[in-house]
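Q: no FASTA, just this:
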């Protein structure tokens, strides 16, 4: 099986088709399944008994939404996540996802405590800052977050792409951290070829074969009822 | 652990609270997770290699929506579901859920072929006709469906409650079939005490402990990343 790596443009087109009148999906549905797959990938990589404290770093867009959904599922999986969410979206969906986490008493980390929280109160970092639509330079308040990704010794799990990487070419002059775990959503993006971490998962068990055929990518066989499958080799 | 069995009124209040501004959930989210839990319960009960042909009988409301979501996940799990959906909802959500199944080439069974389809082309029946808000007499076009549930030898998996049962008291003069498998959602309803089938599952891994406490019911420990847990004893 040879995986295809998607460009930013193709990844965008697939998302649009899934959520079109022809595709029929709502963003609530897709984000729920994506976030669940992220939580399952964390669970398969770091046991809740040894790595309960997952710091979920949440960006301003869909990648951040996946992170908020994952934070909720991780709580139900027995983890003790906390959330760093410095630029909260005013969109109804994101506000509701945050309410769902607050109802589970998930703490929000204040901006001034972020760095110390990473060092002292974190077993795993979940990087849900930027996804495949990110381009350009990383700016504050996220620059500080990515700078810590660059230097921390804590394991990082990245959602879809390592935040701040170029979606096509991977590490940049500004951002070159390597996450320990990568969870590609729907299909790996081009930059995933530069991923040198330990485990690479795929989530998005909702792609119709006709869509995969249209955009010429492979959907591997998922195990059992899981929403995530480990990609053994690139 | 002693389970609490919910009345129709309490089940309704829990759903309302989950989807209130305080609860933050959308129906898309809850139905996605409920339908996934249903598909996982089918998977744990009947292997796709021996029981691929799942006939999903879809009612006009939320229970039917759970069935449509389950049909989609079952396809991704390697089953070959078909759908009997004699009274299709005009609501956007249900239309979209149906489109998602059509995009997977899931066949819709015509009304005049329903009875023969059950006998000749079905390994397992998924009963997603009526849920906990049903009351009164079963009328056509669903009477014919329930009448077949009463007499068929095929195994039946019921979503939340066996369709047509009284949510409080269970079997009625008109409807007294026993499904082989029951998947209670959020918490078992009162009528589940009359369930005499083989396996009883619980789905709904999204309930905040504070909500369970408020309505005085127990959320058992789910295994791993599953959305469903088997209840060993009532």
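A: Structure's in. What do you need? Keep in mind it's a predicted model, so treat the numbers as computed, not measured.
Q: which residues sit in contact with the residue nearest to the spatial centre of chain A?
A: Closest residue to the average C-alpha location of chain A: residue A:159 at 1.9 Å, with Cα atoms, centre = their mean. Residue A:159 makes contacts with A:38, A:63, A:66, A:67, A:70, A:126, A:127, A:128, A:131, A:183, A:185, as judged by Cβ atoms under 8 Å, 6 or more residues apart in numbering or on different chains. Any C-beta I mention is one placed from the backbone N, CA and C, and that applies to glycine too.
Q: I'd like to know how far the fifth one sits from chain B.
A: To tie it back to what came earlier, the one meant is residue A:70. Separation of residue A:70 from chain B (Cβ to the nearest Cβ, to the nearest Å) stands at 11 Å.
Q: Assumed that residue was part of a strand.
A: No. Residue A:70 is assigned helix when assessed by DSSP: H, G, I helix; E, B strand; the rest coil, not a strand.
Q: give the contact list for it.
A: Taking Cβ under 8 Å, 6+ apart as the test, what residue A:70 contacts is A:35, A:36, A:38, A:39, A:42, A:56, A:126, A:128, A:159.
Q: now, which of these lie within helices?
A: Among those, the ones falling in helices (DSSP state H) are A:35, A:36, A:38, A:39, A:42.
Q: ok, and of those, which contact chain B?
A: Near chain B, judged by Cβ under 8 Å from any Cβ of the partner chain, the entries from these are A:36, A:39.
Q: Show the residue spans covered by the helices in chain A.
A: Using DSSP H, helices in chain A cover A:8-18, A:27-45, A:62-76, A:92-102, A:114-121, A:142-151, A:209-214.
Q: So which of these is the most surrounded?
A: Stretch with highest mean neighbour count among those: helix A:62-76 (a mean of 27; mean count of other Cβ atoms under 10 Å in any protein chain shown).
Q: angle of that helix against helix A:27-45?
A: Between helix A:62-76 and helix A:27-45, the angle comes out at 60 degrees (axes from the mean of the first three to the mean of the last three Cα atoms, to 10 degrees).
Q: what does the average pLDDT come to for helix A:62-76?
A: Helix A:62-76 shows a mean pLDDT of 98.
Q: Up against chain B, what does chain A have?
A: Near chain B, when you scan chain A using Cβ under 8 Å from any Cβ, you find A:21-26, A:28-29, A:32-33, A:36, A:39-40, A:43-44, A:72-73, A:76-77, A:93, A:95-100, A:103-104, A:205-206, A:208-211, A:222, A:224-227.
Q: if you set the cut-off to 7 Å instead, what comes out?
A: With Cβ under 7 Å from any Cβ of the partner chain as the criterion, chain A meets chain B at residues A:24-26, A:28-29, A:32-33, A:39-40, A:43, A:76-77, A:96, A:99-100, A:103-104, A:205, A:208, A:210, A:224-226.
Q: quick one: the residue nearest to the centre of chain A and chain B, what's the gap?
A: Using Cβ to the nearest Cβ, residue A:159 is found at 16 Å from chain B.
Q: Which pLDDT value belongs to the closest residue to that residue other than its chain neighbours?
A: Nearest residue to residue A:159, sequence neighbours excluded (Cβ to Cβ, 6 or more residues apart in numbering or on different chains): residue A:128, at 4.5 Å. At residue A:128, the model reports a pLDDT of 98.
Q: what do you get for residue A:3?
A: Here, the pLDDT recorded for residue A:3 equals 75.
Q: Would you mind measuring from it to residue A:190?
A: Note on residue A:3: its distance to residue A:190, by Cβ to Cβ, to the nearest Å, is 11 Å.
Q: Identify the contacts common to the two.
A: Common neighbours of residue A:3 and residue A:190 (criterion: Cβ atoms under 7 Å, 6 or more residues apart in numbering or on different chains): none identified.
Q: burial of residue A:175, as a residue count?
A: Around residue A:175 there are 20 other residues, counting by other Cβ atoms under 10 Å in any protein chain shown.
Q: Then the one 4 residues further on?
A: Residue A:179 is surrounded by 25 other residues when neighbours are defined as other Cβ under 10 Å.
Q: Please apply the same query to the one 4 residues further on.
A: When counting by other Cβ under 10 Å, one arrives at 33 neighbours for residue A:183.
Q: so who does it touch?
A: A:37, A:38, A:41, A:157, A:159, A:160, A:201, A:203, A:228.
Q: Isn't residue A:73 up against residue A:34?
A: No. Applying Cβ atoms under 7 Å, one finds residue A:73 not in contact with residue A:34, separated by 10.8 Å.
Q: check contacts around residue A:69.
A: Taking Cβ under 7 Å, 6+ apart as the criterion, residue A:69 is in contact with A:31, A:32, A:35, A:36, A:97.
Q: what do you get if the cut-off is 10 Å, keeping everything else the same?
A: Applying Cβ atoms under 10 Å, 6 or more residues apart in numbering or on different chains to residue A:69 gives the contacts A:28, A:31-39, A:56, A:97, A:100-101, A:128, B:29.
Q: farthest pair in the residues you listed?
A: The span of those, defined through Cβ to Cβ, is set by A:28 and A:56 at 18.8 Å.
Q: Leaving out chain neighbours, which residue sits closest to residue A:59?
A: Counting by Cβ to Cβ, 6+ apart, the residue nearest residue A:59 is residue A:129, at 3.8 Å.
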